[in-house]
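1. Predicted model and sequence follow; I will ask about them next.
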Amino acid sequence: MSKLHPLFATALLAMLGSHALAQNAPSKKLYCWTENGRKVCGDALPAEAVDSARTEISAKSGLATGRVDRAPSADERSAAAAQAELDRQAALAKEARLRREMAMVESYASEAELRRAYEHRISLSAGTVKASRMSVAALRQSLLTLLRRAGESELAGKPVARPLAENIRAQHGELLRQQGMLVQQQREAGEIEGEFGDALARYRALKTPATPASNGG
């Protein structure tokens, strides 16, 4: 078996070692990013470009090896956090609604019981609206009477008495307050009726067992 000359063997080992190191060494990258509206490339990323969108390119092949999106701004991070909180609240609301639906199924033995419960609420709400309408009508009539007295005083060339003027202001303020209450009560009455329709549909869906799919053939 032939032997290599010591000097030749040493050179060969050095060449093989350097080739292995070159293969195992990490490939050098180039970076390209946009700076002041123009494209900039380099083998090192400056500190001011760390948060910028950039393309990473292999220095050996010249091909793009990846892309890094720009870091979100403070406003974008705040918006993302706000959206995440909204999503969390929506998930909690959904869980609460599911618990209410299951409690509703367990609370009412029949659809008739559910209907009676809502009819009672609807009846109470309608009674409240009716009473508020009567109160608003009475206040309006009382205010018209006071305004008529004030108008008669002015037509007679007399100043409107201070107690009368204060009473008119007080009656007008109370009328506005009760009109606002009436609007709110009417809205709530409509919401109860809509809630009853939704609750009835959910009750039927939860109470009705799922029909197994029939096998063909």
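-> Perfect, thanks for sending it.

2. Please parse this protein into its domains.
-> Domain assignment for the chain, taken from automatic domain parsing, gives 26-69, 102-207.

3. Between those, which has the poorest mean confidence score?
-> Per-stretch mean pLDDT for the domains of the chain is lowest at domain 26-69 (a mean of 79).

4. wait, Val40 sits on Pro46?
-> No: using Cβ atoms under 8 Å, Val40 is not in contact with Pro46, being 9.0 Å away. In this view, the C-beta of every residue, glycine as well, is placed from N, C-alpha and C.

5. nearest residue to Glu56 other than its sequence neighbours?
-> Excluding the flanking residues, the one nearest Glu56 by Cβ to Cβ, 6 or more residues apart in numbering is Gly66, at 4.6 Å.

6. Helix, strand or coil: sort out that neighbour for me.
-> Assigned with DSSP: H, G, I helix; E, B strand; the rest coil, Gly66 falls in the strand class.

7. and if you look at the one 4 residues further on?
-> Secondary structure assignment for Arg70 (three-state DSSP): coil.

8. and it, how many neighbours does it have?
-> Counted with other Cβ atoms under 10 Å, the neighbours of Arg70 add up to 14.

9. re earlier: got TSV for the domains of the chain, with mean neighbour count too?
-> Below are the domains of the chain laid out as TSV (neighbours: other Cβ atoms under 10 Å):
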stretch	mean neighbour count
domain 26-69	12
domain 102-207	13
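
10. can you map out the strands along the chain?
-> 29-35, 38-42, 54-58, 64-68 (DSSP state E).

11. Pipe the domains of the chain into TSV and attach distance to Ala96 per row.
-> Output for these, formatted as TSV (distance: least, Cβ to Cβ, whole Å):
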stretch	distance to Ala96
domain 26-69	37
domain 102-207	10
